[in-house]
Structure formats: C-alpha cells, structure tokens
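>>> Pasting the sequence and the predicted model now:
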Amino acid sequence: MALAVAVESGDALGPEVTAIGLPAVVADGGEGPILLGSSGSGAAGRDLPEHLDAAWCEQQGFAAKPGQTATLESSPGGPKVVIVGLGSGEQIGLERWRRAAAAFVRSAGRGGVGALLLPPDLVDPAGVGAALTEGAVLAAYRFGVYQGTAPPAGIDRLVLRCGDEDAAAVTEGVRRGETTADAVCFARDLINTAPSDLTPTRLAERVVERLAGLADTSVEVWDESRIEHERLGGLLGVARGSTEPPRLIWAEYRPPAGDGAPHIVIVGKGITFDSGGLSLKTAEGMTTMKTDMSGAAAVLAALSACAALAVPVRVTAIAPCTENMPGGRAIKPGDVLTARNGATIEVLNTDAEGRLVLADGLSLAVELAPDAIIDLATLTGAAVVALGRSIGCLFSSDDALADRVRAASERAGEALWPMPLPEEYADHIDSDIADMKNTGAAGQAGSISAALLLARFTGDVPWVHLDIAGPARSAESSGYLTKGGTGFGVRTLLEVFASYGGG
C-alpha cells in the first residue's frame with residue numbers, strides 16, 4: 001500500500017500526529033542552522049528558536065546537509081520532532097525537497113501520521129509538493145511479494161502543512177507527485193519480480209493489465225510469429241537460447257487534442273533474465289540479472305502515467321523482450337543476425353545482446369518518423385566503470401535534444417552525464433564479414449562502442465541513448481531508493497514530456 005499524502009493549511013496540528021518534521025537550512029556566520037516552517041511547532045510542547053543551538057548540532061553531528069536528520073527530545077506524550085536538512089543557499093532545488101521528505105519518512109517511526117511543516121511563500125509550491133510526495137512515497141516503497149512477513153512499514157500517512165496561499169498549488173503538486181511515484185513503483189515492482197515469474201509473456205501481461213482502460217492509451221503485444229513476420233532478427237536471435245518465447249510490447253499515448261503534438265518514441269531494453277548466453281556470465285554475475293529489463297520497465301511505466309499527467313506530446317513506447325539463455329538453439333559466437341532495417345551484425349559475444357534487440361526497436365522507431373527517439377538500457381558494465389552506480393551515461397546525435405533530456409534529468413533528480421560519440425572510434429565495431437560486429441575494441445570505450453552501434457539504427461531522427469547500467473539498481477536502501485530496482489529514468493522521461501508544453 002503506497003504512503004498516503006495529504007495537504008493541510010493553518011497552524012494547528014491534530015492529535016493523531018506522531019511525528020513532526022521541521023526543515024532547516026545552513027546559516028551563515030557560524031550560527032546554528034535556521035529552522036523553516038516552525039509555525040505550529042507548539043504541538044511538540046515547546047517553543048523552538050529560529051536558530052538551532054550550534055553546540056547541540058555539533059554534538060549531534062547535524063550540519064543541515066541535504067537529507068541529514070536530527071531528533072529533538074520529545075515532551076512526554078508529544079510527537080517525535082525531526083529536524084531535516086536542506087543544505088545551504090537561497091534557492092532550494094526540488095531534489096533537496098525530495099531528499100528531505102525521504103529522510104523524514106525514514107526517521108519518523110512506525111505507524112501514525114507524520115506532519116512536515118513547510119515555510120510560507122514557497123517559490124514553486126506545486127513543484128515542491130510534487131517533489132516531497134515523490135521522495136516520501138519512494139522512500140516508503142517496499143517489495144514483499146515473496147516474504148511471509150511483510151517488510152516493516154513506516155508512517156501510515158504524511159501531511160504537508162503549508163500556508164493558505166500555497167495550499168492549492170501544493171495540492172496539485174501532490175497529485176502529480178503521486179502519479180509519478182506510482183509509475184516509478186510499478187517499474188520497481190516489475191524489476192524486483194523473480195525472473196521465472198516475469199518471463200517476456202508475463203511482463204507483457206502485466207503491462208496490458210496496467211494500461212487497460214487508461215484514457216487515450218493503447219497497447220498491443222507481438223508474439224513470436226508476429227516478430228518473425230516483422231523481421232526482427234536481433235530479437236529472434238537472442239531469444240533462440242530460451243524456451244520462453246519473445247514478446248514485443250508496443251504502447252501508445254495520444255493527447256486528446258494532439259494532432260500536431262510532438263511525437264516522442266521511447267525504446268527500452270527488455271531482457272527479463274540475462275545469463276550471457278553461450279558467452280556465459282559467472283554465477284555472481286547473474287545474481288542481479290533479473291534487472292536487465294529495467295529500460296523496458298522505465299519506458300512502459302512512464303507511458304502509463306501520461307494520461308493522468310496530461311502530457312502535451314504523443315508518446316510511443318517500444319519494448320523488445322526476451323531472455324538470453326544458453327540453450328541448444330542459442331546463437332553462437334560467429335553467427336550473423338539481420339536486423340529489422342536490413343543491417344547485418346556479427347555476434348562475437350552473446351553477452352552483448354542488448355544492442356541486438358535495441359537495433360530492432362530503434363529501427364521500428366525510425367520508421368514512425370518521430371520528432372525524437374530516447375532509448376534506455378542497462379547496456380554495459382563499462383558505464384558503471386566510467387560513472388559509478390549513481391549516474392547514467394547520456395549519448396546523443398542531437399545537442400538540443402541532449403540538453404532537453406539533461407535539463408529534465410536535473411529537475412527529476414536522476415543524474416546523467418554526457419558522453420562522446422567520436423567518429424574515430426567507428427572502426428571499433430567494423431566486421432570482416434558483416435556490416436558491423438557487436439563488440440568493440442578489447443578493454444576500450446565499451447559504452448561508446450555500444451552507443452555507436454545503436455546510432456547506426458537511428459537514421460536522421462534526433463536521438464538520445466541512456467545507458468543506465470549503474471543507477472538502475474541500488475545495493476542498499478538509502479534516501480528515496482530501496483535495495484533492488486530503482487525505476488531510474490521514469491521521472492526523467494516524464495519531465496522530458498512536460499518540457500514540450502513549457503512545463
């Protein structure tokens with residue numbers, strides 16, 4: 001059950017409140033952090049100063065850094081009081097509010113109602129409301145499908161207490177934040193499901209269930225016969241080693257008055273389990289490979305939120321889905337596959353399979369002649385080597401689109417870093433017997449080589465490729481991330497869509 005979020009205005013706090021959150025910012029001049037939103041703090045049974053005591057903060061190790069918390073001693077029978085850091089500076093970005101809400105939810109205790117007190121005259125009350133809701137709901141997320149005892153829950157309800165002048169905008173922000181967070185949680189649920197329970201067929205069924213009845217939204221699923229008829233040789237080739245048949249999920253959102261709306265195609269890698277094929281991974285290397293469909297989960301989850309958010313663009317999501325297994329019919333190193341657009345790919349490493357299925361997905365996208373294509377994939381371990389596990393790689397054929405996506409990622413709090421597509425590396429994927437090979441130069445520029453291959457399937461359409469191998473999975477629960485699938489990319493995509501309407 002998702003955490004419920006409500007908005008209230010005024011000073012009084014109800015007796016059901018079990019925890020109060022007070023934001024604090026770093027003060028200049030050596031004074032203790034400044035408390036924001038302290039109006040109504042009398043419910044804690046005390047009057048609180050504008051500045052926290054610097055000596056007390058030092059003793060607590062509290063410097064009001066973003067996401068940092070400190071707990072005040074509660075009065076007998078009174079609610080717990082949690083000070084939440086927002087960092088320094090006059091402008092507090094939305095990501096700091098997300099982190100603050102997540103920190104409060106994690107510190108507020110179990111059961112009851114948490115009230116987060118906001119300062120008056122917020123610069124962007126709707127944005128703050130959305131960010132707080134996203135941070136809180138995502139921090140409260142639990143995946144307990146396979147556990148006999150449900151994972152421990154936090155507070156039952158979060159109240160955002162704000163001034164009367166901000167209440168309407170914060171409420172609208174909460175609605176948007178709930179929709180966005182729900183989409184991220186859907187992606188997380190898909191990613192965290194055991195691979196034998198989320199075969200390509202079952203993934204497609206889950207998506208059809210999710211999209212059923214949504215306004216202006218449609219979905220169709222291509223079975224193996226249709227995939228063969230459509231000449232998706234990369235997807236068919238990877239699927240050969242598995243007894244589970246492949247699927248291609250094609251979903252669309254068309255805005256009600258959107259005949260002239262920009263058309264964005266989003267393509268997601270949907271490898272529901274990656275053993276590496278005949279180029280077999282190690283046992284340890286396979287343990288997290290149910291997450292190799294994170295790109296597909298992100299694009300399909302994002303599309304599922306389009307109607308509720310009334311995004312001003314037409315969106316098509318394409319997700320080629322299969323397992324990559326070493327069965328008796330599996331593709332062999334040295335085999336050549338023919339993709340949808342007729343290009344041939346020599347397969348020298350069957351564990352570089354994501355680019356093979358994306359070649360077909362991108363070819364289909366180009367045929368739609370959209371305004372932009374964005375693909376998401378847990379594509380290369382080299383991306384993790386380059387940028388670690390918190391930042392995704394951004395490759396692009398179009399500077400304007402790259403700037404739009406990166407700006408959206410900053411608003412969403414999902415870090416991306418631009419990477420090059422150097423022409424001098426093009427020969428890294430040259431093949432002696434086919435149009436290209438699916439591996440690059442040994443030990444060099446692995447993420448770039450993969451992106452250069454994908455670029456050959458994007459034609460002249462502005463294109464962004466997001467290699468999310470690092471941030472798609474979290475090794476621990478921290479902030480608004482929980483251990484396992486993160487749903488990385490959903491929020492960025494929704495921000496990209498909103499940007500076309502000037503929002």
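Good, I have the coordinates. Residues are numbered from 1 along each chain as shown.

>>> From now on I want contacts and neighbour counts done on CA atoms only, so please keep to that.
OK.

>>> next one: stretch 333-353 to chain centre, how far?
Relative to its chain's centre, stretch 333-353 lies at 29 Å (CA atoms, centre = their mean, to the nearest Å).

>>> If we go by neighbour counts, what in it is buried?
Across stretch 333-353, burial judged by 16 or more other CA atoms under 10 Å covers 336-341, 343-353.

>>> what's the answer for stretch 48-67, then?
His51, Leu52, Phe62, Ala63, Ala64, Lys65, Pro66, Gly67.

>>> Can you point out the buried residues in the biggest helix by length in the chain?
The longest helix of the chain (DSSP state H) is helix 164-192. For helix 164-192, the neighbour count (16+ other CA under 10 Å) marks 166-192 as buried.

>>> And the strands in the stretch 51-200 of the chain?
Using DSSP state E, counting those that start in this stretch, the strands of the stretch 51-200 of the chain run over 69-72, 80-85, 113-117, 157-162.

>>> helix or strand for Ala301, which one?
Per DSSP states H and E, Ala301 falls inside helix 294-304.

>>> Which other helices and strands does that helix contact?
helix 164-192, helix 200-211, strand 247-253, strand 263-268, strand 270-274, strand 314-324, strand 372-377, helix 490-499 (3 or more CA pairs under 8 Å, 6 or more residues apart in numbering; DSSP states H and E).

>>> ok, now which ones touch the closest residue to Leu138 other than its chain neighbours?
Closest residue in space to Leu138, ignoring its immediate chain neighbours: Tyr480 at 5.1 Å, by CA to CA, 6 or more residues apart in numbering. Going by CA atoms under 8 Å, 6 or more residues apart in numbering, Tyr480 touches Arg98, Arg99, Ala102, Ala103, Gly135, Ala136, Val137, Leu138, Ala139, Ala140.

>>> can you rerun that using 7 Å?
Listed by CA atoms under 7 Å, 6 or more residues apart in numbering, the contact set of Tyr480 reads Arg99, Ala102, Gly135, Leu138, Ala139.

>>> Compare these and tell me which is most surrounded.
Ranked by the number of neighbours (other CA atoms under 10 Å), those place Leu138 first, at 29 neighbours.

>>> Please give me every residue in contact with that one.
Counted by CA under 7 Å, 6+ apart, Leu138 has contacts Ala181, Tyr480, Leu481.

>>> From Glu323, how far off is the second one?
When CA to CA, to the nearest Å is applied, the distance between Tyr480 and Glu323 equals 30 Å.

>>> do the same with the last one
From Leu481 over to Glu323 the distance is 26 Å, taken as CA to CA.

>>> and the gap between the residue of the chain positioned farthest from its centre and His263?
Checked against the mean C-alpha position of the chain, the extreme residue using CA atoms, centre = their mean is Pro76, at a distance of 41.7 Å. Pro76 sits 59 Å away from His263, going by CA to CA.

>>> picking that back up, least confident of the buried residues of stretch 48-67?
In terms of pLDDT, the lowest of the buried residues of stretch 48-67 is His51, showing 87.
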